[in-house]
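J.: fold the following for me, if possible:
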Amino acid sequence: MKEMHLLGKLVKIDECPILLDYKPDGDFQKYFKVMAGEWSVCDGWLIGAERGNKGGILFSRDSYDCDVIFSFTMKTVLPATRDLNAVFCAHWDTDIDYLGNAYVVGLNGWYEHKSGIERSPETGLRALTGAYSYTPGDEVRITTGIIEGHSFLYADGELVSELIDPHYISGGHVGFSPYCTKLAIKDIEVRRAVWSPLVQSYEPEF
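T.: Residues are numbered from 1 along each chain as shown. Modelled structure (predicted):
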């Protein structure tokens, strides 16, 4: 995917500086910190699992103070079938020892195979759809992130969801969150988001 056409924004991805480019190896904890769940590397894939009814959490060691574009290839590890989840603008709540302020994006989740974006902790702010269909076990290239409160989720170049938060979270970690499931991730990339205004208007159709 070379460009993203968001509502009012044009992003040329190749013009966005790379902040992290990681292909999983045995030294994954040099770049990521395990916050919850079980994490390992196998055959070039980062494997994350959470057996409880909650999310396993892996944070990037770096906290980014800029708008980011976060891309990676992900799949469920069969027989696991659900919740291909990632996080960005993510912070840890030490009082509850769990994920605090963050945006959570996912495919094939929310109990009914829905996909979209939501804000954590529970605020009611979310954008979900049942229109996107993921086949468990298949690899999918996910691109997500945020630009001045404008979050987005792409799957294999297809725009799945946008969410505009007027009181958005600034900065934080990126990472992954298998929710009561097992996921495999590779080809992880973080870029600083660079964009230009996209002028959009209608011409009469009749």
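
J.: was I right to think residue 90 contacts residue 175?
T.: Yes - contact criterion Cβ atoms under 8 Å: residue 90 and residue 175 qualify, at 5.9 Å. For glycine as for every other residue, the C-beta is placed from the backbone atoms N, C-alpha and C.

J.: spit out the residues that contact these two alike.
T.: Common neighbours of residue 90 and residue 175 (criterion: Cβ atoms under 8 Å, 6 or more residues apart in numbering): residue 59.

J.: next one: residue 109 from residue 69, what distance?
T.: Using Cβ to Cβ, to the nearest Å, we find residue 109 at a distance of 21 Å from residue 69.

J.: look at these two and report which has more neighbours.
T.: residue 69 (26 against 22; other Cβ atoms under 10 Å).

J.: Three-state assignment for residue 14, please.
T.: helix (DSSP: H, G, I helix; E, B strand; the rest coil).

J.: what's near enough to touch it?
T.: Residue 14 touches residue 2, counting by Cβ under 8 Å, 6+ apart.

J.: ok, now the one 5 residues further on?
T.: By Cβ under 8 Å, 6+ apart, residue 19 lies in contact with 62, 64, 68, 190-192.

J.: and it, what element?
T.: Using DSSP states H and E, residue 19 sits in strand 18-22.

J.: can you list the buried residues in that strand?
T.: 19-20, 22 (16 or more other Cβ atoms under 10 Å).

J.: partner strands of that strand and their direction?
T.: Applying DSSP bridges to the sheet, strand 18-22 is found paired with strand 182-192 (antiparallel).

J.: hmm, who's touching the strand or helix carrying residue 151?
T.: Per DSSP H and E, residue 151 falls inside strand 150-155. Residues outside strand 150-155 that contact it (Cβ under 8 Å, 6+ apart) are 1, 4, 6-7, 9, 103, 105, 107, 115-117, 132, 134, 140-146, 159-165.

J.: which of those residues are buried?
T.: Applying 16+ other Cβ under 10 Å to the contacts of strand 150-155 flags 4, 6, 9, 103, 105, 107, 115-117, 132, 134, 140, 142-146, 160-161, 163-165 as buried.

J.: OK, contacts around the residue nearest to residue 92 when sequence neighbours are not counted?
T.: Closest residue in space to residue 92, ignoring its immediate chain neighbours: residue 100 at 5.8 Å, by Cβ to Cβ, 6 or more residues apart in numbering. Applying Cβ under 8 Å, 6+ apart to residue 100 gives the contacts 90-93, 120-121.

J.: among those, which ones are in strands?
T.: Among those, DSSP state E puts 90, 92-93, 120 in strands.

J.: got CSV for these, with pLDDT, neighbour count and distance to residue 183 too?
T.: Converted to CSV, these look like this (pLDDT from 0 to 100; neighbours: other Cβ atoms under 10 Å; distance: Cβ to Cβ, whole Å):
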residue, pLDDT, neighbour count, distance to residue 183
90, 98, 25, 16
92, 97, 19, 20
93, 96, 13, 23
120, 95, 22, 18
